[in-house]
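**Q** sharing a sequence plus its predicted fold:
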Amino acid sequence: MIRAANIQSRPAEPVYGDFPPSDGRAVPVTVEELAGLSHEFRTPLNGILGLARLLEATPLTGEQRSYVDALRDSGEHLLGLVNQLLDFARLGASAVEIQDEDMAIEDLLRGVCELTAPRASEKGLEIGWWIAPGLGRIRADEGRLRQVLLNFVGNALKFTKTGGVLVSAAPVKGGRIRLTVSDTGPGVAESERERIFEPFIQTDPRVDGVSLGGAGLGLAIVRSLAIAMKGEASVETAPGGGASFWFEFPAARAGGSAGRNLSRRRIGVISPSPVVCEAAVRQILARGGEGVASAGLEDLPADAEVLLLDHALAPSSPPDDRPAIILLSPEDRGLIDDYRARGFAGYLIKPLRPGSLAAQVLSALGGGSRAGRLDDRIAPAVAPGLRVLLVEDHAINALLATAMLNRERCVVDHAAGGPEALAAVAVGTYDLVLMDMRMPGMTGTETAQEMRNQGLATPIVALTANAFEDDRQACLAAGMDEFLVKPVSADALRRTLSRVARGWSEAPSRRRSA
């Protein structure tokens with residue numbers, strides 16, 4: 001077991017002799033050594049996952065497919081443990097760098113919930129989110145907050161068998177913001193609530209007698225980030241049972257809250273899921289309206305102007321003459337035209353977005369445009385089959401980018417650094433390389449230059465947190481073709497993928513020599 005106290009920030013030195021030593025002494029491990037070891041783990045693991053993906057595309061019997069699914073799931077789980085261990089080592093070895101920037105907290109919650117929604121759906125769970133009225137833009141480290149929420153939500157989905165997960169953000173005393181993730185799982189015993197934030201500690205790791213695995217590092221990472229951000233993290237009992245994990249941090253408000261365009265509107269929400277109901281009612285409240293929830297069609301809100309009906313209730317038609325909007329999961333996109341033919345005024349995709357909710361309600365009432373913009377979660381993929389090499393050392397950023405690329409039906413390989421990326425292009429063929437600029441060791445600029453020196457003509461697009469012209473020029477000088485600013489938006493990525501799919505115009509110097 002590697003303990004945090006043994007991870008030291010010092011120059012890497014070779015370790016000779018037995019490991020561990022025969023006298024029982026702990027051998028200090030540097031972050032550089034651990035990073036090198038994790039690289040040795042990740043390289044074959046990525047190969048295993050790539051082969052599993054190739055197998056999935058071949059004709060398989062039901063039994064064979066179950067074996068491939070188990071292989072892929074196990075590989076992804078092990079890869080997550082390796083990334084978590086390295087992240088924990090980095091946090092324990094040096095001061096945590098916090099980079100506060102202007103950010104929209106709504107985008108943070110929406111992104112996390114939509115990223116984890118497929119996993120929730122696989123387990124038959126709902127996931128939803130809401131933010132308190134008036135809470136708009138703040139100054140904080142969005143990447144670190146995303147890391148916290150993904151740890152919380154990941155645990156919630158792992159331990160919750162039925163029901164769902166609700167994510168929220170609200171201001172609290174002292175100029176702080178509280179992020180909360182509540183679930184309908186078994187909860188956490190009061191005696192375990194402090195221990196589970198310690199490294200390598202878990203509460204009962206079994207649900208229904210099945211081991212759920214894990215290294216017990218996710219919550220330790222959250223506690224380290226709370227200390228670095230001068231905040232707090234803890235867990236309570238959620239209303240109605242389950243666990244409610246929260247993370248508080250100080251943050252300056254930067255304005256920009258959403259408009260109250262549902263003012264004086266009364267909207268009914270009918271769903272068997274308390275998570276869907278509460279998320280919708282809270283989002284309606286944040287837009288100035290009033291939401292009234294019901295679990296079934298037999299108890300419709302009498303004075304609601306518009307009804308939001310969950311597809312889970314299998315309604316054959318709107319229950320009365322009031323405008324009705326159907327709530328669908330992304331995988332139910334094929335039912336949209338059918339529901340419109342039955343008389344429904346529109347649709348919303350779960351997890352709900354408050355902007356889309358307000359727009360559909362106003363459209364149904366005649367106060368907005370009839371043809372709203374197509375939800376990007378059900379928009380046709382722009383680059384099916386496009387082969388993309390994603391070069392990104394940060395596990396959370398890689399997860400987000402991979403999810404967006406998968407949504408466009410791209411075939412994605414992930415390299416965690418420059419050497420892995422060079423090895424990948426030496427043996428594989430890609431239509432696009434997405435290159436993180438700031439990586440330890442071999443930077444994105446150096447990796448791109450080496451790829452061009454080796455004759456690679458594939459378009460290379462930089463991923464950078466800086467949007468200045470100097471940064472763009474540095475990318476071009478290194479042989480890259482363009483850059484995307486982090487956090488990468490779905491629209492910007494779709495434009496880049498569309499351009500590649502149509503045939504990127506290459507300069508003569510970019511072409512691989514014969």
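**A** That came in fine, so what should we check first?

**Q** straight-line length of stretch 286-295, end to end?
**A** End-to-end span of stretch 286-295 (C-alpha to C-alpha, to the nearest Å): 22 Å.

**Q** show residues contacting that stretch.
**A** 130-133, 258-272, 274, 277-278, 280-285, 300-301, 304, 354, 357-358, 361 (C-beta atoms under 8 Å, 6 or more residues apart in numbering). Placement of C-beta: from N, CA and C, glycine included.

**Q** can you tell me which of those are in strands?
**A** Members of the contacts of stretch 286-295 lying in strands (criterion: DSSP state E): Trp130, Ile131, Arg266, Ile267, Gly268, Val269, Ile270.

**Q** now those residues in JSON lines, with pLDDT and distance to Ile336?
**A** Shown next, in JSON lines, are the ones in strands among the contacts of stretch 286-295 (pLDDT from 0 to 100; distance: C-beta to C-beta, whole Å):
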{"residue": "Trp130", "pLDDT": "97", "distance to Ile336": "25"}
{"residue": "Ile131", "pLDDT": "96", "distance to Ile336": "27"}
{"residue": "Arg266", "pLDDT": "96", "distance to Ile336": "26"}
{"residue": "Ile267", "pLDDT": "97", "distance to Ile336": "20"}
{"residue": "Gly268", "pLDDT": "97", "distance to Ile336": "21"}
{"residue": "Val269", "pLDDT": "97", "distance to Ile336": "19"}
{"residue": "Ile270", "pLDDT": "97", "distance to Ile336": "19"}
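
**Q** return the member of these nearest to Ser498.
**A** Ile131 (31.7 Å; C-beta to C-beta).

**Q** separate out the buried members of the contacts of stretch 286-295.
**A** Among the contacts of stretch 286-295, those that count as buried by neighbour count (16 or more other C-beta atoms under 10 Å) are 130-132, 258, 260-262, 265-271, 274, 277-278, 280-285, 300-301, 304, 354, 357-358, 361.

**Q** before we move on, the earlier item: now intersect the contacts of stretch 286-295 with the helices, please.
**A** Counted as lying in helices by DSSP state H, out of the contacts of stretch 286-295, are 274, 277-278, 280-285, 354, 357-358, 361.

**Q** where does the stretch 151-300 of the chain dip in pLDDT?
**A** 199-216 (pLDDT under 70).

**Q** next one: the stretch 301-450 of the chain
**A** Using pLDDT under 70, the stretch 301-450 of the chain drops low at 367-374.

**Q** buried stuff in whatever helix or strand Gly111 lives in?
**A** Gly111 is part of helix 105-122 when elements are defined by DSSP states H and E. Residues of helix 105-122 classed as buried: 105-106, 108-117, 120 (neighbour count, 16+ other C-beta under 10 Å).

**Q** which two in the ones in helices among the contacts of stretch 286-295 are spaced the farthest apart?
**A** Pro274 and Ala358 (22.0 Å).

**Q** contact partners for Met103?
**A** With C-beta under 8 Å, 6+ apart, Met103 has these contacts: Arg137, Ile138, Arg139, Ala140, Glu142.

**Q** Gln99 too?
**A** Gln99 sits next to Asp141, Gly143 when contact means C-beta under 8 Å, 6+ apart.

**Q** at 7 Å what do you get?
**A** Contact analysis of Gln99 by C-beta atoms under 7 Å, 6 or more residues apart in numbering lists Asp141.

**Q** where does it sit: helix, strand or coil?
**A** coil (DSSP: H, G, I helix; E, B strand; the rest coil).

**Q** that concludes my questions; thank you for your assistance.
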